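In: model the following, please.
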Amino acid sequence: MNRIPYPERDQLSDAKRAYLDAPNLRLLNIARISMVAPDPIWKATVAMAIAVVTDTLIDDWMREIIVLRVAYLSNSAYELFHHVSLARSLGISDEKIAGLESGDFSALSPQERAVAQFTTEVVRDVSPTDETLAAMRALYSDERIFEMLGIIGSYMNAARVAAVAGIGNDDIAITSWAKEREAS
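Out: Numbers count the residues shown, from 1 in each chain. Reported below is the predicted structural model:
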């Protein structure tokens, strides 16, 4: 049971009702509860969520490494429900997923380890150590690092919104963002 109820359609602005009326929209619980926010915050949240999935140069595999680490560190059952499914559909092994949960990154490639460590430090400590940032800058441009920060921040926000509102999992987990985009 939600701690904060989903808004009723008649409580929504024209922009939110138009969003709901999009053809073939699969309305996830996180999207439903986000409509509680005032329109400017809601619009920015939706734009950021779309951008971190569709408008970055970070590939799907590495994005899921980031998101899973954020979800585990945030204890977000909602995000894990979708993103373990997404990770598995990409071929990320259960061993790697378990390492992202436990913090033992030995099953990850060197690049994945660097990203997982960076994500851990940003979530837990706000800023990575100089050593971790240097390792990331050896692998990625500053622009890609800022894309990763956007992904981390967006999913930290989603995990917290889901937890504070107490939303439950959706009926079916997402297995592919491409399939979700095709359906809408």
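In: which residues in the protein form helices?
Out: Chain-ordered helices for the chain, with DSSP state H as the definition, fall at 14-20, 29-34, 39-54, 60-73, 77-90, 94-102, 110-125, 130-139, 142-165, 177-183.
In: how close does the closest residue to Gly153 other than its chain neighbours sit to Ala31?
Out: For Gly153, the nearest residue in space outside its immediate sequence neighbours is Met48; the separation is 8.0 Å by CB to CB, 6 or more residues apart in numbering. No exception for glycine: its C-beta is placed from N, CA and C like everyone else's. Going from Met48 to Ala31 by CB to CB, to the nearest Å gives 13 Å.
In: do the same with Glu147
Out: Spatial separation of Glu147 from Ala31 under the definition CB to CB is 22 Å.
In: the two: which has the busier surroundings?
Out: Under the neighbour definition other CB atoms under 10 Å, Glu147 and Ala31 were set side by side, and Glu147 has more, 21 against 18.
In: sorry, back to before: quick check: which of the helices of the chain is buried the most?
Out: helix 60-73 (a mean of 23; mean count of other CB atoms under 10 Å).
In: now do that helix: which elements does it pack against?
Out: helix 77-90, helix 94-102, helix 110-125, helix 142-165 (3 or more CB pairs under 8 Å, 6 or more residues apart in numbering; DSSP states H and E).
In: for Ile4, find the nearest of the ones you listed.
Out: Counting by CB to CB, Ile4 lies closest to helix 142-165 out of the helices and strands packed on helix 60-73; the figure is 4.2 Å.
In: gap between the closest one and the chain center?
Out: Its chain's C-alpha centre lies 6 Å from the corresponding centre of helix 142-165 when counted by CA atoms, centre = their mean, to the nearest Å.
In: contact partners of that helix?
Out: Outside helix 142-165, the residues within contact range by CB atoms under 8 Å, 6 or more residues apart in numbering are 2-4, 29-30, 33-34, 36, 45, 48-49, 51-52, 56-58, 63, 66-67, 70-71, 74-76, 78-79, 115, 118-119, 122-123, 133, 136-137, 140.
In: distance check, Val46 against Glu112.
Out: Taken as CB to CB, the span from Val46 to Glu112 is 29 Å.
In: that should have said Ser102, apologies.
Out: Ser102 is 14 Å from Glu112, where distance means CB to CB.
In: now Thr56
Out: Shown here: Thr56 relative to Glu112, a distance of 17 Å by CB to CB.
In: ok, Arg137 next?
Out: When CB to CB is the yardstick, Arg137 and Glu112 sit 17 Å from each other.
In: ok, now Ile65?
Out: Using CB to CB, one gets 5 Å for the distance from Ile65 to Glu112.
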